[in-house]
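K.L.:
Need a 3D model of the sequence below.
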Amino acid sequence: MRIFEFLTKGAALVALSVVVACTGVQETATGPTPIPKAIQVSAGDVAVVIASPDGFCIDRATIAENANGAFMFLSDCRVIASTGKAARVPISSILTASISPTGLAGSENGMKPALDTLGHFFTTPVGVFSLGKSHVNGAVSILETKQTDTALYLLVEDKAFSDSAGVSNRFWRAFTEVNGRLVAVSVTGYTDDDPEEKRSLRIIRAFMQAIVDANALAS
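P.N.:
Next comes the predicted model:
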C-alpha cells in the first residue's frame, strides 16, 4: 500500500519544496536556467531515467528524491532553432512522473498479469481513491481503461477537484515497470482544450515510450 500512498502524496512533496539534487542530467537544453529534457533519478538505489515527450521539459525545481522514491513535474517548452536553447511557452498540459522504490507486484511472473492485478486493484474503493487529486471519497471514477503488454492507462475523473486556472478534472494516469521500479506518469490538460482527452492520451503514450526508450539506451 505504501506505493499508492506515495503516488497520491507527490503534490504534497512539491508544495513543501522538498528539492533534492539529481544524480545525473541528460539532453539538457540551455537557457537562462537549464531545462532538462531527460533526467536520471534514484529510486530504491536503482537509477531510472525520466525522459519527456516532444514539446515538454522537466521542471527542475520540482524534482524530489527521498526514501519514498522520486517525483517531478513537466510542462511545455520548445527549442528555439536559431539558438538551440529551450524556452518556456504557455502551458497546455501538466505532466508528472513518480518512481517507486519498489517494483510492480507480481511482475516476476510477467508484466501483463501484474498489470491485470494492478488494474483490478484500481477498481476497488481504496484503489480508485488513490487515483484522485481531491482526496474526497466517492469523487473519483475511472472513465476508460487501456492496457498493453507493458503499460496500464487509465482516464480518471475527480469531480471534487477544481482549479481556478481551468485545469481539467479529467486526466490520464499510466503505470509500468522500469529497471525493477514502478513508474507512474500523468497528463492533465485544460477543460476547454481537450474535452475528450484525446490529445492527453497521445501525450501520455509518447511520455511512456520516451521513458522506456531512454532506459533501454542507458542500460
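K.L.:
can you map out the helices along the protein?
P.N.:
2-15, 111-121, 125-130, 198-218 (DSSP state H).
K.L.:
would CSV of those helices with distance to residue 99 and mean pLDDT be doable?
P.N.:
Placement of C-beta: from N, CA and C, glycine included. Formatted as CSV, the helices of the chain follow (distance: least, Cβ to Cβ, whole Å; pLDDT from 0 to 100):
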stretch, distance to residue 99, mean pLDDT
helix 2-15, 9, 33
helix 111-121, 16, 95
helix 125-130, 16, 95
helix 198-218, 10, 94
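K.L.:
any chance of the ones you listed in a markdown table, plus distance to residue 104 and mean neighbour count?
P.N.:
A markdown table is the format used below for the helices of the chain (distance: least, Cβ to Cβ, whole Å; neighbours: other Cβ atoms under 10 Å):
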| stretch | distance to residue 104 | mean neighbour count |
| --- | --- | --- |
| helix 2-15 | 9 | 16 |
| helix 111-121 | 5 | 16 |
| helix 125-130 | 14 | 16 |
| helix 198-218 | 14 | 18 |
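K.L.:
I'd like those written out as a markdown table, with distance to residue 187 added.
P.N.:
A markdown table is the format used below for those (distance: least, Cβ to Cβ, whole Å):
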| stretch | distance to residue 187 |
| --- | --- |
| helix 2-15 | 14 |
| helix 111-121 | 18 |
| helix 125-130 | 18 |
| helix 198-218 | 4 |
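K.L.:
Ok, which of those comes nearest residue 177?
P.N.:
Distances from residue 177 to each of these were compared by Cβ to Cβ, and the smallest falls on helix 111-121, at 6.6 Å.
K.L.:
Take that closest one, keep the C-alpha atoms, and write them as PDB.
P.N.:
In PDB, the C-alpha atoms belonging to helix 111-121 read as follows (Å, rounded to 0.1, in the frame of the first residue of the first chain):
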ATOM      1  CA  MET A 111       4.200  -7.800 -16.900                       C
ATOM      2  CA  LYS A 112       0.700  -8.500 -18.300                       C
ATOM      3  CA  PRO A 113      -0.600 -10.500 -15.400                       C
ATOM      4  CA  ALA A 114       0.900  -8.000 -13.000                       C
ATOM      5  CA  LEU A 115      -0.800  -5.100 -14.800                       C
ATOM      6  CA  ASP A 116      -4.100  -7.100 -14.800                       C
ATOM      7  CA  THR A 117      -3.800  -7.300 -11.000                       C
ATOM      8  CA  LEU A 118      -2.900  -3.600 -10.700                       C
ATOM      9  CA  GLY A 119      -5.900  -2.700 -12.900                       C
ATOM     10  CA  HIS A 120      -8.200  -4.800 -10.600                       C
ATOM     11  CA  PHE A 121      -6.800  -3.000  -7.600                       C
END
